[in-house]
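In: predicted structure and sequence below. I'll ask about it afterward.
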Amino acid sequence: MPSVELLITFLVTTVIFAYIPGPAMLYAAAQTPARGRKAGIMASLGIHLGCYVHVAAAAAGLSILFHAVPWLYMAVKLSGAVYLVWLGISLFRAPAPDAASAPGLMPKSGRRAFVESMTVEILNPKTAIFFMAFLPQFVDAAASFPVWLQFLILGTVVNLIFSSADIVCVMLAGAIMARLRQSNSAQRLMRRLGGTVLVGLGAHLALQRS
């Protein structure tokens, strides 16, 4: 493995990156006002598991394909952007659950948030590019562990730290929602806010040049 000094630098840098609000954190937080805290946590879990696809791809060197085949990168990016916009519009159109139906809807909302967030993460090529750009800075080719294994270990640590930041954000959003739960108008506003965030993230992803 890399030296202790390099690992400390890796951990500090990762924590700083993780707790700076980014698209994944905003996405998970947007699920909370729209569907509840459980859905936000399930969204964080979906993002976490989906991210392992990119960790494995980085370890296998597959992310280099995005650099070598620009149209593939663009196709995956636009697919993810369209999906995000569609999810945001779905939140705008979703009917408001009443107090009696809310408990029955929560399991479905949690499962749906999990599947949707995993899909969003897998369709985000910028995550793959991030791992290919970030992890090599802390990989030691002369270490006893093979390079691919170092990629897997470091990528897993990065994923866990980023997921912790997402969950903290979800819990904070959930605490705010607990105070607004009695107001139907506040719930409608929160769903629209969540939908706006998702549409904005999709537009931002689509319009980015790289």
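Out: Received the coordinates, thanks.
In: what about the strands in this protein?
Out: Here the chain has no strands by DSSP state E.
In: tell me the centre residue of it?
Out: A24 (3.2 Å; Cα atoms, centre = their mean).
In: so what's that residue closest to, chain neighbours aside?
Out: I47 (5.3 Å; Cβ to Cβ, 6 or more residues apart in numbering). (Glycine included, C-beta is placed from N, CA and C.)
In: mind checking how far that neighbour is from A28?
Out: Separation of I47 from A28 (Cβ to Cβ, to the nearest Å) stands at 6 Å.
In: between these two, what contacts are shared?
Out: Common contacts of I47 and A28 (Cβ atoms under 8 Å, 6 or more residues apart in numbering): S117, D166.
In: where's L45 relative to P146, distance?
Out: 29 Å.
In: same thing with G195?
Out: 45 Å.
In: G88 now?
Out: G88 is 42 Å from P146, where distance means Cβ to Cβ.
In: among the two, which residue is more densely surrounded?
Out: The neighbour comparison of G88 against P146 (other Cβ atoms under 10 Å) goes to G88, with 22 against 11.
In: contacting residues for the more buried one?
Out: Contacts of G88 (Cβ under 8 Å, 6+ apart): G194, G195, T196, V197, L198, V199, G200, L201, G202.
In: which secondary element of this structure has the worst mean pLDDT?
Out: helix 64-68 (a mean of 68; mean pLDDT, DSSP states H and E).
In: how much space between the closest residue to L87 other than its chain neighbours and M25?
Out: Distances taken as Cβ to Cβ, 6+ apart place L198 nearest to L87, at 5.0 Å, with adjacent residues excluded. Using Cβ to Cβ, L198 is found at 13 Å from M25.
In: neighbour count for the two, which is higher?
Out: L198 (27 against 22).
In: tell me, what's the model's pLDDT at that one?
Out: Per-residue confidence (pLDDT) for L198: 70.
In: which residues does it contact?
Out: So, once contact is read as Cβ under 8 Å, 6+ apart, L198 ends up touching Y27, A30, L84, V85, L87, G88, L91.
In: confidence score at the last one?
Out: The predicted local distance difference test score for L91 is 67.
In: helices along this structure, start to end?
Out: With DSSP state H as the criterion, the chain has helices at 4-18, 23-35, 37-60, 64-68, 70-93, 102-122, 125-134, 147-180, 184-207.
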